[in-house]
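Novice: I need the structure of the sequence given here:
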Amino acid sequence: MAKFMKSAFQNPLSFYGILLIEVLAYSSYGVFINLSRVNGIIMYKSSSLVLLLEIIKFTISFMILWSEKNKLNYKQIKFRSVISFSLPALCYGINNNLAVYMQDHMDPSTFQVLCNLKIVSTAVLYRLIMNRKLKFVQWLSLTLLTLAGMLNR
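Specialist: All right, here's what the predicted structure looks like:
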């Protein structure tokens, strides 16, 4: 699997192109949900939005996998490694459903700041669960990010 990832990003232009697309998609999420309101009300179920997004992500992933099929050794992929992605995928599904509900009760800038606070919780869990140490600069960055989140309103 690591060989596939290395080959996918050998060209720095493709890496930065994918990074730019991801940044634009992530940062516009709250704005687009807010723009989809009709008379101030979100007229669709969050689960339908999440399902559509997951279908789109699966389709794009499958197209990338299909284009790389000659470079990937399927014998290297173990069922256990595939299963290990299921818990984070479940967490993302729950998070994406909750994001739509949160958008119904707050403006896009507040939502974005709250989403940035996920970085703090991820770092704390990284330290507690994986027992990995963070550098002083990383803790300082997390402190500044937390303060910025608290001062938003």
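
Novice: Spell out which residues make up each domain of this protein.
Specialist: 11-108, 117-153 (automatic domain parsing).

Novice: can you list those in CSV and add mean neighbour count and mean pLDDT?
Specialist: Placement of C-beta: from N, CA and C, glycine included. Below are the domains of the chain laid out as CSV (neighbours: other Cβ atoms under 10 Å; pLDDT from 0 to 100):
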stretch, mean neighbour count, mean pLDDT
domain 11-108, 12, 79
domain 117-153, 12, 84
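
Novice: Need the contact partners of stretch 103-123.
Specialist: 27, 30-31, 33-34, 42, 99, 102, 134, 138, 142, 145-146, 148-149, 152-153 (Cβ atoms under 8 Å, 6 or more residues apart in numbering).

Novice: hmm, what's the outermost residue in the protein?
Specialist: For the chain, the C-alpha farthest from the mean C-alpha position belongs to residue 39; by Cα atoms, centre = their mean, that distance is 29.0 Å.

Novice: residue boundaries of the helices in the protein?
Specialist: In the chain, the helices defined using DSSP state H lie at 2-8, 12-35, 46-67, 79-83, 86-103, 108-116, 118-129, 136-150.

Novice: Mean confidence (pLDDT) on the first one, please.
Specialist: Model confidence over helix 2-8, given as mean pLDDT, is 52.

Novice: For residue 27, give me its contacts.
Specialist: Taking Cβ under 8 Å, 6+ apart as the test, what residue 27 contacts is residue 112.

Novice: Quick one: end-to-end distance for stretch 97-113.
Specialist: End-to-end distance for stretch 97-113, by Cα to Cα, to the nearest Å: 18 Å.

Novice: I'd guessed residue 29 sits against residue 102; true?
Specialist: No. Using Cβ atoms under 8 Å, residue 29 is not in contact with residue 102; the gap is 11.1 Å.

Novice: Can you report phi and psi for the residue farthest from the centre of the chain?
Specialist: phi 50, psi 40 (degrees, to the nearest 10).

Novice: All further residue positions should be reported with the first residue as 421.
Specialist: Will do, 421 is the new start, and the previous item becomes residue 459.

Novice: how much space between it and residue 529?
Specialist: 22 Å (Cβ to Cβ, to the nearest Å).

Novice: How about residue 480?
Specialist: Taken as Cβ to Cβ, the span from residue 480 to residue 529 is 29 Å.
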